[in-house]
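> got a predicted model here, sequence first, then my questions.
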Amino acid sequence: MKTTPLTSVHESLRAKMVDFGGFYMPVQYTSIIEEHNAVRNKAGIFDVSHMGEISVTGKDAIKYLNYIITNDISVISENQIMYSPMCYEHGGCVDDILIYKNNDKDFLVVANASNTDKDFEWMKKHTKGYDVVVSNQSDRYGQIALQGPEAQNILQQLTKTDLEEIAFYRFKNNVVVDGVNTMVSRTGYTGEDGFEIYTAAHDTEKLFRKFMESGAAPCGLGARDTLRFESALPLYGHELSEEITPLNAGLKSFVKPEKSDFIGKAALIEQTEKGVSVRSAGLEMVDRGIARNGYDVFNEEGEKIGYVTSGSNCPSLGKNCALALISTEYTKVGTFVYVDIRGKKVKAVTVKKPFYKKMYKK
Amino acid sequence: MRFTRDHEWIKKEGKYAYIGITDYAQQQLGDIVYVELAEEDLVLQQGDVLCAIESVKTAAEVYMPVSGTVIEANAELEDAPEKINEDPYGTYLAKIIIDDETELNDLMTEDEYNEFLESEAE
């Protein structure tokens, strides 16, 4: 198993550690609910050093990136960030990524931890004909997510850079935080305002401990999952996969068929024209029970219409909810469906996503 | 009190016995948010599913430590499932009548269970 620059910190805090996509990571320090609430009400910090960082540099960087992603990278400015699915020819997803733009010839792709090697190979394979260099930089970086309504106050006390200058989905290089050189972006995976702080691997522990001293609660992957789930943010391997296209996942606004050719374009246009047969829907449990990943979903007549991709108790809402990939005809808000929980059909209703209103500072 | 390898406990009191999960089990599950209670009058064999416990991150089934009949499920857990986290040995899931008390001999004593946990940790 791979470790991160913060592994010894997690162990010293007696976190419960698990194997997550080949990384030895903390799932919780105290309690998932406590950590979840810390982020919603105050501030929490996450070790996200397992995320992959792949640089794309060269004269053709924009043309190349636009060929491998579904969104249109040509529209963003320097120091801006774009979210995009990256698809296979058949429209399924290789990954969903963030792309940081330094300038027209210099980008940084941030990939899901367990997909980094796969993404890197995929990206290298498609450089033919483009004047670009694709390089896996993942081991050089440590990454901390500082999230919650108090995130900005905590970070501001430790830096002279005016954080108001960093808008939503923007970033700044060379931000000195408590004497450490970092790159700071206003991004996250919790539905709250917050930052992701990239730094050299050897400086990561110092910063993590400083944020803790400043009042941010260390939070594990358990809370990271409940927070992103309430905000209905997709998780690769659940809401997105090789078999699930961005259109199935309801990410149509991140697919730009009007731009130049890209991998998966033909398949995604065809899917749009034919109609998307299954879509990701938000479910709220009407009767008692928690729908979990993989549970089957049925209609009133007892026919299988799909399956749950993620399901959990929602600590901020006091409800049990699920994201399910179901036949499009049942995705209309207010439709009753049934989830098979340990052999019992438990009633649920489709609701609007997200379950929790995102508190982004835009 | 006797213990199973699946981390249940059973305690005999008069003609009834009470079943719960161990401190180790509640720690592994984390914050418990829902208990699907056992059905009363259900006749179950040793090892059958008694009920299910859901924490924030996972679902776990609880098995019958011995064969018996469910007399009562702990209805208090409907609204306060977190009691299992707070007091695992003071919070029962079901009250049963044991069919055959010799089956208790299959189970571990407290010392044996602690040794079992240590061996599992290695």
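Yep, it's here. Numbers count the residues shown, from 1 in each chain, chains lettered A, B, ... in the order given.

> measure how buried residue A:307 is and give me the count.
Counted by other C-beta atoms under 10 Å in any protein chain shown, the residues lying close to residue A:307 total 18. C-beta coordinates here come from the backbone N, C-alpha and C atoms, glycine included.

> likewise the one 3 residues further on?
Burial of residue A:310 is recorded as 24 neighbouring residues (other C-beta under 10 Å).

> now swap in residue A:333 and tell me
By the criterion of other C-beta under 10 Å, residue A:333 has 11 neighbours.

> so it sits against residue A:351, correct?
Yes: counting by C-beta atoms under 8 Å, residue A:333 touches residue A:351, with 6.1 Å between them.

> so who does the residue nearest the centre of chain B touch?
With distances taken as C-alpha atoms, centre = their mean, residue B:20 lies nearest the centre of chain B, 2.9 Å away. Residues near residue B:20 by C-beta atoms under 8 Å, 6 or more residues apart in numbering or on different chains: B:8, B:9, B:11, B:84, B:88, B:89, B:91, B:92, B:93.

> now name the helix or strand holding it.
Taking DSSP states H and E as the criterion, residue B:20 maps to strand B:16-21.

> for residue A:59, what are its contacts?
A:105, A:131, A:132.

> where does it fall, phi/psi-wise?
With angles defined as degrees, to the nearest 10, residue A:59 sits at phi -60, psi -40.

> ok, now how distant is it from chain B?
47 Å (C-beta to the nearest C-beta, to the nearest Å).

> repeat for residue A:343
Residue A:343 is 10 Å from chain B, by C-beta to the nearest C-beta.

> secondary structure class for residue 81?
Defaulting to chain A. Recorded secondary structure, residue A:81: strand (DSSP: H, G, I helix; E, B strand; the rest coil).

> so what's it bridging to?
residue A:100 (DSSP bridges).

> from memory it sits against residue A:100, does it?
Yes: contact criterion C-beta under 8 Å: residue A:81 and residue A:100 qualify, at 5.3 Å.

> out of these two, which sits in the more crowded spot?
Higher neighbour count among residue A:81 and residue A:100: residue A:100, with 25 against 20, using other C-beta under 10 Å.

> how about the residues of the stretch 1-150 of chain A by chain B?
Contact residues, the stretch 1-150 of chain A versus chain B (C-beta under 8 Å from any C-beta of the partner chain): A:16, A:27, A:28, A:31, A:32, A:33.

> and with 7 Å instead?
Residues of the stretch 1-150 of chain A found near chain B (C-beta under 7 Å from any C-beta of the partner chain) are A:28, A:31, A:32, A:33.

> overlap of the contact sets of residue A:81 and residue A:100?
A:171, A:185 (C-beta atoms under 7 Å, 6 or more residues apart in numbering or on different chains).

> before we move on, back to that, selecting buried members of the contacts of residue A:59 in ChimeraX, what would you type?
Applying 16 or more other C-beta atoms under 10 Å in any protein chain shown to these, the buried members can be selected in ChimeraX as follows:
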select /A:132
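
> got CSV for the contacts of residue A:59, with pLDDT and secondary structure too?
Rendered in CSV, the data for these read as follows (pLDDT from 0 to 100; DSSP: H, G, I helix; E, B strand; the rest coil):
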residue, pLDDT, secondary structure
A:105, 98, coil
A:131, 98, coil
A:132, 98, coil
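
> turn the contacts of residue A:59 into TSV, columns for distance to residue A:58.
Below are these laid out as TSV (distance: C-beta to C-beta, whole Å):
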residue	distance to residue A:58
A:105	6
A:131	5
A:132	4
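
> so for stretch B:43-53, mean pLDDT?
On average, the pLDDT along stretch B:43-53 is 97.

> does chain A have contacts with that stretch?
Yes: shown here: stretch B:43-53 in contact with chain A (C-beta under 7 Å from any C-beta) through residue B:52.

> what does that stretch contact?
So stretch B:43-53 is contacted by A:342, B:19, B:21, B:29, B:32, B:35-38, B:59-70, B:84, B:93-94, B:103 (C-beta under 7 Å, 6+ apart).

> and if we set it to 6 Å?
Stretch B:43-53 is touched from outside by B:32, B:35-38, B:60-64, B:66-67, B:69, B:93-94, B:103, with contacts defined as C-beta atoms under 6 Å, 6 or more residues apart in numbering or on different chains.

> got the confidence number for the closest residue to residue B:28 other than its chain neighbours?
Spatially, and ignoring its direct neighbours in sequence, residue B:28 is nearest to residue B:7 (7.7 Å; C-beta to C-beta, 6 or more residues apart in numbering or on different chains). With respect to pLDDT, residue B:7 scores 97.

> next, the distance between the ends of stretch A:319-335.
Start-to-end span of stretch A:319-335 (C-alpha to C-alpha, to the nearest Å) is 18 Å.

> counting neighbours, what do you get for residue 33?
I'll assume chain A. Other residues lying near residue A:33 total 21 when counted by other C-beta under 10 Å.

> I was thinking of chain B, sorry if that wasn't clear
Residues near residue B:33, counting by other C-beta under 10 Å, number 23.

> now do the contacts for it.
Counting by C-beta under 6 Å, 6+ apart, residue B:33 makes contact with A:313, B:54, B:56, B:81.

> list the helices and strands the helix or strand where the first one lies packs on?
The reference is to residue A:313. Using DSSP H and E, the element containing residue A:313 is strand A:304-314. Strand A:304-314 sits against helix A:221-230, strand A:296-298, strand A:319-327, with contacts defined as 3 or more C-beta pairs under 6 Å, 6 or more residues apart in numbering or on different chains; DSSP states H and E.

> ok, so of the contacts of residue B:33, who is nearest residue A:158?
Residue A:158 has its nearest neighbour among the contacts of residue B:33 in residue B:56, at 31.3 Å by C-beta to C-beta.
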